[in-house]
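1. what shape does this take:
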Amino acid sequence: MFGIYSFVRVTEVTFWLCCALVAYTYAGYPLLVWILSRLFGGRRSPVSTCDWPSMSVVIAAHNEESVIRDRIANLLALDYPPDKLEILIGSDGSTDRTCAIVRAFKSSRVRLLAFRSNRGKAAVLNHAVREASGEIILLSDANTRMESDAAKQLARWFSDPQVGVVCGRLVLVDLASGQNADGLYWKYETFLKRCEARLDALLGANGAIYAIRKSLYPRLPPRIAVDDFVIPLLARLASGRRIEFDPDAIAYEETPAEIRSEFNRRSRIGAGGFQSLPLLWPLLNPARGWIALSFVSHKVFRWLCPFFLVGALTASAVLSGGPLYRLALVIQVGLYAAASAGFLWPKASAGLRIAKLPVMFAAMNLALLVGFFTWAAGRQTGGWARTARAGF
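-> Residues are numbered from 1 along each chain as shown. Here you go, the predicted model:
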């Protein structure tokens, strides 16, 4: 019979298992992938070329009148053969001056695809890529600025027929000072990208700057939310070609350092992650090698971490009669209280980076939890919900 003793033992196992999974996800896996990348990985270099492929820059835009003029000017200034670079702006039911601003550019290299209704980003990308004439599709955002050599840095990889997708590096810039605002979390993610790329286990791309062979572009389901995650991985599953990371292909985005501005984006990513599983589940097969490890550890466990945290908190509360678990409960409650205070009064801890850690961690996991319930309730759409990134 399942008695009190058995219940306590199960609760203890639950507590330690949940703690171990959280620790592995955020600390153990980065250490493991770094070691594996040094033991079994290799650094690949693009092949030098003077024969640049034709390229189409595709941007899906919705009410981007504040940034679209500068964005197009930045793209027209790219150091790439003008006769081999076109720019497609897909306006997704914009109700501001976005379309008028795009039409004001008299360059034959700039094309506007104006959709009257808001169809969602995935539908716009599907249509724009179909209309594109380039061999290579460079996908980016309306509020991004690229270095002049970014297109060439990406394009040179495609001399290798085994390369299907190339992801560039996004640098966050403080809106007020114009200085690099890459935060600890963003540096952490870039570190993981570098390690996973050495193992040929890179997961997805960054929507601000990545390129894909047009022939490999997968037609997206209309409601898909995390297109920059799904597109590269579907292309890899279909073709077996590599996803590369080029840290020298650089793009910039200005962003305020606000934790609250990150919440909606994280929630959308969480919902989009669960939404993508029916499409990407073959990556869970261990026979696929390192990418199966990175997909489970970097993505699936990350999406499930809110449940591990809830499990650890609940189990420690049930076991709080023991001094060890009482201490664990006090520590968890204290960290969540500090995170709540930092979230409610962000200016109080503005100068303390260490004070932002529990805020960022708790807010990110709460957002992922909200995202899960959004997905479970069937409310996740491919609509527009752009929010600013937060660096610290």
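
2. and stretch 37-46, which residues are buried?
-> By 16 or more other CB atoms under 10 Å, the buried positions in stretch 37-46 come out as S37, G41, R44, P46. C-beta here means a position set from N, CA and C on the backbone, and glycine is covered the same way.

3. check stretch 131-141 too.
-> Using 16+ other CB under 10 Å as the test for burial, stretch 131-141 gives A132, G134, E135, I136, I137, L138, L139, S140, D141.

4. where do the helices of the stretch 201-350 of the chain begin and end?
-> Taking DSSP state H, counting those that start in this stretch, the helices of the stretch 201-350 of the chain run over residues 227-239, 259-280, 290-294, 301-318, 323-344.

5. quick one on the thing from earlier: can you flag which of the buried residues of stretch 37-46 belong to helices?
-> Judged by DSSP state H, those include S37 as members of helices.

6. dump the buried residues of stretch 37-46 to CSV, plus pLDDT and distance to A205.
-> As requested, the buried residues of stretch 37-46 are exported to CSV (pLDDT from 0 to 100; distance: CB to CB, whole Å):
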residue, pLDDT, distance to A205
S37, 96, 19
G41, 88, 19
R44, 83, 17
P46, 82, 16
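
7. list the helices and strands the helix ranked longest in the chain packs on?
-> Using DSSP H, we find that the single longest helix of the chain is helix 353-376. Helix 353-376 sits against helix 184-198, helix 259-280, helix 301-318, helix 323-344, with contacts defined as 3 or more CB pairs under 8 Å, 6 or more residues apart in numbering; DSSP states H and E.

8. now do the first one: which elements does it pack against?
-> Applying 3+ CB pairs under 8 Å, 6+ apart, we find helix 184-198 packed against helix 29-40, strand 163-174, strand 242-255, helix 353-376.

9. JSON lines for these, including distance to R302?
-> Listed next are these as JSON lines, based on distance: least, CB to CB, whole Å:
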{"stretch": "helix 29-40", "distance to R302": "9"}
{"stretch": "strand 163-174", "distance to R302": "18"}
{"stretch": "strand 242-255", "distance to R302": "18"}
{"stretch": "helix 353-376", "distance to R302": "8"}
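
10. got the domain ranges for the chain?
-> Domain assignment for the chain, taken from automatic domain parsing, gives 4-23+292-376, 55-257.

11. going by mean pLDDT, which of these comes out lowest?
-> Comparing mean pLDDT across these, the weakest is domain 4-23+292-376, with a mean of 86.

12. tell me how far that one lies from the chain's centre.
-> Distance of domain 4-23+292-376 from the chain centroid (CA atoms, centre = their mean, to the nearest Å) equals 22 Å.

13. start and end of that domain, how far apart?
-> 34 Å (CA to CA, to the nearest Å).

14. and the gap between Q153 and G93?
-> 33 Å (CB to CB, to the nearest Å).

15. return the residues in contact with the residue nearest to S117 when sequence neighbours are not counted.
-> The shortest distance from S117 to any non-neighbouring residue, by CB to CB, 6 or more residues apart in numbering, is to G93 (5.0 Å). Taking CB atoms under 8 Å, 6 or more residues apart in numbering, we find G93 in contact with H62, F115, R116, S117, N118, R119.

16. which among those residues gets closest to E196?
-> Each of the contacts of G93 was checked against E196 using CB to CB; the closest is H62, at 31.1 Å.

17. phi, psi for the closest one please.
-> The phi/psi pair for H62 (degrees, to the nearest 10) reads phi -140, psi 110.

18. how about N285?
-> Dihedral angles of N285 (phi, psi; degrees, to the nearest 10) stand at phi -70, psi 120.

19. ok, and what's touching stretch 216-228?
-> Stretch 216-228 is touched from outside by 119-123, 125-126, 129, 137, 139, 164-165, 204-207, 210, 230-231, 234-235, 238-239, 241, 268-269, 271-273, 275-276, 279, 380-382, with contacts defined as CB under 8 Å, 6+ apart.

20. and these, which are buried?
-> Among those, those classed as buried by 16+ other CB under 10 Å are 119-123, 125-126, 129, 137, 139, 164-165, 204-207, 210, 230-231, 234-235, 241, 268-269, 271-273, 275-276, 279, 380-382.

21. before we move on, back to that, distance to F373 added to the helices and strands packed on helix 353-376, as TSV?
-> Converted to TSV, the helices and strands packed on helix 353-376 look like this (distance: least, CB to CB, whole Å):
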stretch	distance to F373
helix 184-198	23
helix 259-280	8
helix 301-318	10
helix 323-344	19
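
22. relative to V102, which of those is closest?
-> Ranking these by distance to V102, with CB to CB as the measure, places helix 259-280 first at 25.5 Å.

23. packing partners of the closest one?
-> Using 3+ CB pairs under 8 Å, 6+ apart as the contact definition, the elements that helix 259-280 packs against are helix 227-239, helix 301-318, helix 323-344, helix 353-376.

24. helices along the stretch 1-150 of the chain, start to end?
-> Counting by DSSP H, counting those that start in this stretch, the helices of the stretch 1-150 of the chain are 4-23, 29-40, 68-76, 98-103, 121-131, 150-155.

25. most packed of these?
-> Mean neighbours per residue, mean count of other CB atoms under 10 Å, is largest over these for helix 150-155, with a mean of 25.

26. now tell me what touches it from outside.
-> Helix 150-155 has contacts (CB under 8 Å, 6+ apart) with 46, 49, 52-53, 55, 57, 78-80, 85, 136, 138, 147, 166, 168, 209-211, 246, 248-251.
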